[in-house]
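> Structure of the sequence below:
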Amino acid sequence: MDTNLATTDDQATIQQLYQRILDGWNRGDGHAFAAPFAEECDFIAFDGTHFTGRAEIAESHQLLFDRWMRGTRLVGQVERVRFLGPDAAILYAVGGTILRNQTRPAPERDSLQTLVAQRQGGEWRLVAFHNTRLRPIGRNGASFLIWAISDRLWRLCRLNPPMAYR
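You can find the predicted model right below:
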């Protein structure tokens, strides 16, 4: 990328978008969590759930904050920002969840995140987010076995309908 396409201010503003996500989560506020996203955006959660649009992200996360994720905190940091042009950038981040009544992130909740930021009307917004739990399957026999067992249990319980492929 031509470094003239990105300013130091752009870099800082884009990284602040990620911090705003963390801040919204940590306040348990679905609207604040979703605020850095564009009205029209795509959000893929760690479990593969696909949310479209800021309103859907806000609503779904507020339900989580009010119930299953109440009292949790999100920690993370942007590892790298790569500009694709003057109005688009990809952020690579790492994150984790600190469960209620805990002081450190739960390692089983560590995630890698890819976000796409776009300048719209002079303002940077997130237009895509993809969150993937860190679950390497080939490091050793134990990690493969755990992955295979959980995969088989998911299938046996039929917890999601089959996808249609074209």
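> Now do the spatially most central residue of the chain against residue 12, distance only.
Central residue of the chain (C-alpha atoms, centre = their mean): residue 131, 4.0 Å from the mean position. Distance, residue 131 to residue 12, using C-beta to C-beta, to the nearest Å: 23 Å. Any C-beta I mention is one placed from the backbone N, CA and C, and that applies to glycine too.
> Could you export the lowest-mean-pLDDT helix or strand in the chain as PDB, CA atoms only?
Sorting the helices and strands of the chain by mean pLDDT, DSSP states H and E puts helix 141-157 at the bottom, at a mean of 74. Taking C-alpha atoms only, helix 141-157 is exported to PDB below (Å, rounded to 0.1, in the frame of the first residue of the first chain):
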ATOM      1  CA  GLY A 141      -3.300 -35.500  19.600                       C
ATOM      2  CA  ALA A 142      -5.200 -34.100  22.500                       C
ATOM      3  CA  SER A 143      -6.200 -30.900  20.700                       C
ATOM      4  CA  PHE A 144      -7.400 -33.000  17.700                       C
ATOM      5  CA  LEU A 145      -9.300 -35.300  19.900                       C
ATOM      6  CA  ILE A 146     -11.100 -32.500  21.700                       C
ATOM      7  CA  TRP A 147     -11.900 -30.800  18.400                       C
ATOM      8  CA  ALA A 148     -13.200 -34.100  16.900                       C
ATOM      9  CA  ILE A 149     -15.400 -35.000  19.900                       C
ATOM     10  CA  SER A 150     -17.000 -31.600  20.100                       C
ATOM     11  CA  ASP A 151     -17.600 -31.600  16.400                       C
ATOM     12  CA  ARG A 152     -19.200 -35.100  16.600                       C
ATOM     13  CA  LEU A 153     -21.400 -34.000  19.600                       C
ATOM     14  CA  TRP A 154     -22.600 -30.900  17.600                       C
ATOM     15  CA  ARG A 155     -23.500 -33.200  14.700                       C
ATOM     16  CA  LEU A 156     -25.300 -35.800  16.900                       C
ATOM     17  CA  CYS A 157     -27.300 -33.100  18.700                       C
END
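> host element of residue 61?
Element membership for residue 61 (DSSP states H and E) is helix 54-66.
> Averaged pLDDT, that helix. What do you get?
For helix 54-66, the per-residue pLDDT values average out at 97.
> Helix or strand next in line after that helix, which one?
That would be, after helix 54-66 and using DSSP H and E, strand 73-85.
> any low-confidence regions in this structure?
Residue ranges of the chain with pLDDT under 70: 1-6, 135-138, 154, 158-163, 166.
> Before I go, just wanted to say thanks for your time.
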